[in-house]
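Enquirer: When you get a sec, could you give me coordinates for this:
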Amino acid sequence: LLESPLPEQQMAAAIVLSELRVKESGAIKALCAALETGSRPLRLLVLETLGRTASAAVVPSLLSMIESSDDEIRERATRVLIEMGPVAVRQAAARILDAPPSARRALIMILSRARTSDSIKALLTLAGAGHPEASREASGALVAMSHAMSRPEKARLRAMAEKILKTPPDKAPAGELSAALHLISAVGQPGDAPRLLKILSPNYPEMVRRDALLAIAGVLKRGLVPHAVLAGILPIIMEGPSPALRSASIEVLGTLKLPGS
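Expert: Numbers count the residues shown, from 1 in each chain. Below you'll find the model as predicted:
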């Protein structure tokens, strides 16, 4: 009936298959074919039907709709993939760098809503990929995710960021380090500040060192700056290698409480 020349029969078949939450491979194959070749109303209905299967087999067909020029089809495909959750994560992650801007943003949304270790790793990798737009969007998505996380989820995200920051500077992409620093700034704790001092060394790119300074301000959360941290920042102000780092150092100290000494 999905292949019927009569639109009303095609729509009726899609509705019944949706109610049945069909998982049989032949039916899924027929639904995916209808999604590719059917009329616009049928495609919108089939998107909902495929979402109800919760099968990894339908993810490629749903992802192909993410690149549609039809806003409603793209948005519905995005919503269905978000509802499917972890099933879609790996295949969505594999498409991001090559996707056009509107599709890339939809894929990042899918990963950020899944909130699994795989989706977080994919966003971290994307944040460090060096893509001028995708890296920024992925980093922003991770920080936004952290605001809605439970304490255990934040602790897991923090541990992942800390693992990246422990990577030797010659083996970690600068973009990935910066993304991890942005995360630490959002989910870190005051005890992270002394460890962040190590990233102020000349072994790291200037951009990463500046992000480390801002992360120190983030984890201290306008509190009292420890003497050890202050001792690490003051030399940059007095003998800093560049105006950008000196400016960042002053900016950081301006957001914190200084000891009386």
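Enquirer: and stretch 105-116, C-alpha only, in CSV?
Expert: Output in CSV follows, covering the C-alpha atoms of stretch 105-116 (Å, rounded to 0.1, in the frame of the first residue of the first chain):
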residue,chain,number,x,y,z
ARG,A,105,23.6,22.8,13.6
ALA,A,106,20.8,20.3,13.6
LEU,A,107,23.3,17.4,14.1
ILE,A,108,25.0,19.3,17.0
MET,A,109,21.5,19.7,18.5
ILE,A,110,20.9,16.0,18.2
LEU,A,111,24.2,15.2,20.0
SER,A,112,23.7,17.8,22.7
ARG,A,113,20.2,16.5,23.5
ALA,A,114,21.4,12.8,23.7
ARG,A,115,23.8,13.6,26.6
THR,A,116,25.6,10.3,26.4
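Enquirer: Quick check: Q9 touching V16?
Expert: No - taking contacts as CB atoms under 8 Å, Q9 lies outside contact range of V16: 10.7 Å. C-beta: built from backbone N, CA, C; applies to glycine.
Enquirer: so how far is the helix or strand containing L157 off the chain centroid?
Expert: Taking DSSP states H and E as the definition, L157 sits inside helix 151-165. Helix 151-165 has its C-alpha centroid displaced from the chain centroid by 14 Å (CA atoms, centre = their mean, to the nearest Å).
Enquirer: Check which helices and strands it sits against.
Expert: helix 117-127, helix 134-147, helix 174-187, helix 193-196 (3 or more CB pairs under 8 Å, 6 or more residues apart in numbering; DSSP states H and E).
Enquirer: same thing but 6 Å
Expert: helix 174-187 (3 or more CB pairs under 6 Å, 6 or more residues apart in numbering; DSSP states H and E).
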